[in-house]
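Undergrad: sequence-free structure coming up:
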Ligand SMILES: Cc1cc2nc3c(=O)[nH]c(=O)nc-3n(C[C@H](O)[C@H](O)[C@H](O)COP(=O)(O)OP(=O)(O)OC[C@H]3O[C@@H](n4cnc5c(N)ncnc54)[C@H](O)[C@@H]3O)c2cc1C
């Protein structure tokens with residue numbers, strides 16, 4: 001059988017592009033196949049009428065994103081193209097937005113936590129302080145084991161669950177705290193540091209993806225139908241042709257990888273099946289003026305915990321995140337649906353989704369409906385990895401899997417609900433593919 005490529009990468013999200021970059025730099029022939037008509041996956045942005053809309057990912061951090069920063073440097077992106085956000089994250093409680101979440105000062109100011117809960121916040125921060133016990137690359141190693149967020153939270157004042165864990169995990173990851181494991185969440189919280197470390201790409205969250213794709217062989221609008229692993233080669237099957245490669249990388253969410261990889265080894269299939277994803281639903285509102293959320297200090301995210309609000313999990317004030325997200329004198333706000341309502345709203349008509357979310361948004365940003373000139377709905381059936389206790393239990397075995405002709409990269413590989421998980425797993429996959437192809441060449 002003829003070999004078309006050294007490596008075929010399925011998916012031009014940040015994981016696939018990071019892996020393709022490392023392998024192309026090592027001198028291999030690499031092609032990326034992407035089903036959508038543009039790159040970026042869940043980190044895509046679009047531009048219209050002077051607005052830049054981040055459809056999925058919103059921000060990164062100067063801490064806990066080491067693989068991403070290395071890639072940013074290699075892509076030639078300057079530090080000033082990834083400026084600090086410099087605004088706060090606030091939590092809604094009893095009619096007031098409390099700024100300061102995830103900052104050391106929260107222990108004193110509360111950021112929505114009652115006085116007694118702040119003592120438990122200190123206890124919690126002390127419990128997750130040790131980087132050897134809370135290593136985001138090995139979330140299965142923590143002393144927390146496979147307990148869920150809700151179960152772990154029972155050891156603390158209830159505010160910690162209601163106004164910190166649920167508020168953050170519900171808004172940023174779409175998690176149901178009764179279903180997702182605490183360990184990966186605790187590792188991530190320890191690594192990413194306070195909101196004062198958070199940054200965003202000046203020109204939109206797809207900046208890195210676009211820059212990497214510019215140096216790669218990427219074919220967009222090319223949906224892979226299935227992937228078949230073999231002893232020396234693997235096949236990528238499209239509706240109209242089949243491509244052979246020495247290695248195929250599945251850089252798609254786990255449920256998609258499970259569907260595409262028709263002869264996955266049993267152990268891989270077990271982990272893929274356990275790696276459920278949460279759907280996410282978001283509405284962007286183009287505003288004719290820069291509305292603000294009322295807080296004592298400027299905030300760019302308002303978390304609206306389930307204890308306070310049924311329909312929204314939070315609001316992102318994009319023009320506060322970076323002024324160039326909206327034209328001068330205008331505004332951009334994103335509304336995130338609460339994990340509770342996403343299942344029923346996900347397939348509803350756009351108008352119904354917009355109405356439900358904007359009506360609820362009025363409570364937190366008065367004047368929102370009147371200031372809105374246009375809306376866009378963003379749906380992610382596979383929004384964020386859910387990090388179930390079962391997936392956590394199986395992860396170490398999956399990480400130690402033998403290297404075959406088909407491998408994977410994605411946030412779910414590390415059970416880390418962030419783009420850094422995708423980039424880190426891509427770096428590991430690059431090493432695995434290179435070592436396999438080297439040993440194949442050596443044997444030949
Ligand atoms: C609403 C939301 C907010 C988020 N906020 C943040 C944040 O603030 N910070 C952060 O770090 N992370 C955030 N994330 C997570 C982050 O976006 C993801 O972790 C990261 O983008 C995952 O990258 P990936 O390459 O693993 O997967 P994806 O981005 O999902 O890429 C997979 C690609 O594969 C393509 N594909 C699928 N099927 C096929 C097929 N059959 N053939 C070919 N191509 C296919 C898809 O079109 C997609 O482009 C957020 C995610 C969402 C949904």
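TA: It's in. Only a predicted model underlies this, so the values are computations on that prediction, with no experimental measurement involved. Numbering: from 1, shown residues only.

Undergrad: Quick one: mean pLDDT for the longest helix anywhere in the chain?
TA: Scanning the chain for the longest helix, with DSSP state H as the assignment, gives helix 419-443. Taken as a whole, helix 419-443 has a mean pLDDT of 91.

Undergrad: In space, what's closest to the closest residue to the ligand within the stretch 101-250 of the chain - neighbours in sequence excluded?
TA: With Cβ to the nearest ligand atom, the shortest gap between the stretch 101-250 of the chain and the ligand falls at residue 224, namely 3.7 Å. C-beta: built from backbone N, CA, C; applies to glycine. For residue 224, the nearest residue in space outside its immediate sequence neighbours is residue 10; the separation is 4.9 Å by Cβ to Cβ, 6 or more residues apart in numbering.

Undergrad: partners of the one you found in the sheet?
TA: residue 33, residue 250 (DSSP bridges).

Undergrad: That one: what's it in contact with?
TA: By Cβ atoms under 8 Å, 6 or more residues apart in numbering, the contact set of residue 10 is 16, 32, 33, 224, 227, 236, 248, 249, 250, 251, 252, 260.

Undergrad: 7 Å - rerun?
TA: 16, 33, 224, 227, 236, 248, 249, 250, 251, 252, 260 (Cβ atoms under 7 Å, 6 or more residues apart in numbering).

Undergrad: can you check residue 168 too?
TA: Contact analysis of residue 168 by Cβ under 7 Å, 6+ apart lists residue 303.

Undergrad: pLDDT on the helix or strand it falls within, on average?
TA: Mapping residue 168 onto the secondary structure by DSSP states H and E places it in helix 166-173. Taken as a whole, helix 166-173 carries a mean pLDDT of 96.

Undergrad: Distance from the chain centre to it, please.
TA: 12 Å (Cα atoms, centre = their mean, to the nearest Å).

Undergrad: ok, then the element right after that helix?
TA: Where DSSP H and E defines the elements, the next helix or strand beyond helix 166-173 is helix 182-192.

Undergrad: Need the residues that contact that following helix.
TA: Here helix 182-192 makes contact (Cβ under 7 Å, 6+ apart) with 61, 63-64, 128, 134-136, 139, 142, 144, 147-149, 152, 169, 387, 392, 415-416, 418.

Undergrad: circling back: run the angle between the longest helix of the chain and helix 182-192 for me.
TA: Orientation note: helix 419-443 sits at an angle of 100 degrees relative to helix 182-192 (axes from the mean of the first three to the mean of the last three Cα atoms, to 10 degrees).

Undergrad: So is helix 419-443 next to the ligand?
TA: Yes - applying Cβ under 6 Å from any ligand atom, one finds helix 419-443 in contact with the ligand at 419, 420, 421, 422.

Undergrad: Please give me every residue in contact with the first one.
TA: Residues touching residue 419, when contacts are defined by Cβ under 7 Å, 6+ apart, comprise 14, 43, 57, 60, 68, 411.

Undergrad: at 6 Å instead, please
TA: Listed by Cβ atoms under 6 Å, 6 or more residues apart in numbering, the contact partners of residue 419 are 14, 43, 57.

Undergrad: now the stretch 101-250 of the chain, which segments are flagged as low pLDDT?
TA: Applying pLDDT under 70 to the predicted model, the residue ranges of the stretch 101-250 of the chain that meet it are 104-109.

Undergrad: where does it come near the ligand, residue by residue?
TA: So far as Cβ under 6 Å from any ligand atom goes, the stretch 101-250 of the chain lies against the ligand at 223, 224.

Undergrad: mind listing the strands for the stretch 101-250 of the chain?
TA: Secondary structure of the stretch 101-250 of the chain (DSSP state E, counting those that start in this stretch): strands located at 198-199, 218-219, 226-229, 234-237, 242-250.

Undergrad: which of those strands is buried the deepest?
TA: Most buried of the strands of the stretch 101-250 of the chain by mean neighbour count (mean count of other Cβ atoms under 10 Å) is strand 242-250; its value is a mean of 24.

Undergrad: and the angle from that strand to helix 419-443?
TA: Orientation note: strand 242-250 sits at an angle of 130 degrees relative to helix 419-443 (the same axes, to 10 degrees).

Undergrad: Show me what strand 242-250 is in contact with.
TA: Here strand 242-250 makes contact (Cβ under 6 Å, 6+ apart) with 1, 3-10, 19, 227, 233-236, 257, 405-408, 433, 437.

Undergrad: what's the answer for stretch 143-162, then?
TA: When contacts are defined by Cβ under 6 Å, 6+ apart, stretch 143-162 is touched by residues 113-114, 116-117, 120, 133, 165, 177-178, 180-183, 185, 305, 307, 389, 392-393.

Undergrad: hmm, which of the residues you listed are the buried ones?
TA: Buried residues within those, defined by neighbour count using 16 or more other Cβ atoms under 10 Å: 113, 117, 120, 133, 165, 177, 180-183, 185, 305, 389, 392.

Undergrad: okay, those residues in a markdown table with distance to residue 426 next?
TA: Converted to a markdown table, these look like this (distance: Cβ to Cβ, whole Å):
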| residue | distance to residue 426 |
| --- | --- |
| 113 | 37 |
| 117 | 39 |
| 120 | 37 |
| 133 | 26 |
| 165 | 29 |
| 177 | 29 |
| 180 | 23 |
| 181 | 23 |
| 182 | 26 |
| 183 | 22 |
| 185 | 22 |
| 305 | 33 |
| 389 | 26 |
| 392 | 21 |
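
Undergrad: Sheet-wise, list the partners of the longest strand along the chain with their directions.
TA: Secondary structure of the chain read by DSSP state E shows that its longest strand is strand 372-385. Strand pairing for strand 372-385, using DSSP bridges, gives strand 277-287 (antiparallel).

Undergrad: Against the ligand - does the strand it pairs with have any residue that ends up touching it?
TA: Yes - applying Cβ under 6 Å from any ligand atom, one finds strand 277-287 in contact with the ligand at 280, 282.

Undergrad: Could I get the contacting residues of residue 354?
TA: Contact partners of residue 354, counting by Cβ under 6 Å, 6+ apart, are 283, 375.

Undergrad: now swap in residue 102 and tell me
TA: With contact set as Cβ under 6 Å, 6+ apart, residue 102 has these partners: 89, 194, 195.

Undergrad: how's this structure carved up into domains?
TA: The chain breaks down into these structural domains: 5-58+204-274+390-443, 83-199+277-385 (assignment by automatic domain parsing).

Undergrad: how about CSV for those domains, with distance to residue 72 added?
TA: Listed next are the domains of the chain as CSV, based on distance: least, Cβ to Cβ, whole Å:
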stretch, distance to residue 72
domain 5-58+204-274+390-443, 6
domain 83-199+277-385, 10
